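Asks: Provide a 3D model corresponding to the input given below.
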Amino acid sequence: MNKRVIAVLSVAFLLLFAFAPMSRADSLDVTLTEANQTVVQGTTVVEFDASILNPSTTDTIYLNGDSSTTSSLLVSVDDSPFFANAPYYLTPGQSSGTFALFDVDLPADLTDGIYSGVFSILGGPDGGTGTDFDDLSDANFSVDVVNPVATPEPSTLLLLGIGFTGLLFLRKRLHFPT
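Replies: Below is the predicted model of the structure:
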């Protein structure tokens, strides 16, 4: 092969490699205590607890913000627990412990169904080189809204029993064959 072709291909390869977006794994490990929760229709707030781990052995990771999306405009995410409870940063190998990460707000008249979303933690390994608000980790969640189950009260069962007893008494008294 010609030396010039090899040189051009080498330069093209180096440029491609140098300017290609780097793909990297999540910088944090976020574990939701209960990622999928079931609530009765009429519930208006669902709390999601989590623990966050910095798996890096060298970098301190700063937690600077969050973002979220949901599958329905009727459902919203309240991130105030994140700002009230999350640490400002995690040193290499440090875990936050379990804390309230975010709340999902539901309208009281929300129809039954499964509503899902993603909560993302933003930040970076330092405070000023353009990595302040990288997406560090995503936590998928869902809320299954179900209709309440109607349970008869004991007095209702008592009235039903008295009614059946009355029917049996009438049956015997009128001499219907059994």
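
Asks: all contacts plus neighbour counts: C-alpha atoms, from now on.
Replies: OK.

Asks: Tell me how far residue 94 lies from residue 167.
Replies: According to C-alpha to C-alpha, to the nearest Å, residue 94 and residue 167 sit 72 Å apart.

Asks: Sorry, slip of the keys, the one I care about is residue 107.
Replies: For residue 107 relative to residue 167 (C-alpha to C-alpha), the value is 46 Å.

Asks: Neighbour count for residue 94 and residue 167, which is higher?
Replies: residue 94 (16 against 12; other C-alpha atoms under 10 Å).

Asks: Could I get the phi/psi values of that one?
Replies: When read as degrees, to the nearest 10, the backbone of residue 94 gives phi -80, psi 140.

Asks: Show the pLDDT at residue 160.
Replies: On the pLDDT scale, residue 160 is placed at 73.

Asks: sec struct for it, please.
Replies: Look at residue 160: counting by DSSP: H, G, I helix; E, B strand; the rest coil, its state is helix.

Asks: What pLDDT does the model give the most centrally placed residue in the chain?
Replies: What sits nearest the mean C-alpha location of the chain, by C-alpha atoms, centre = their mean, is residue 141, with 2.2 Å. Model confidence at residue 141, given as pLDDT, is 97.

Asks: In which helix or strand does it reside?
Replies: strand 134-146 (DSSP states H and E).

Asks: list the buried ones in that strand?
Replies: For strand 134-146, burial by neighbour count (16 or more other C-alpha atoms under 10 Å) applies to 134-143, 145-146.
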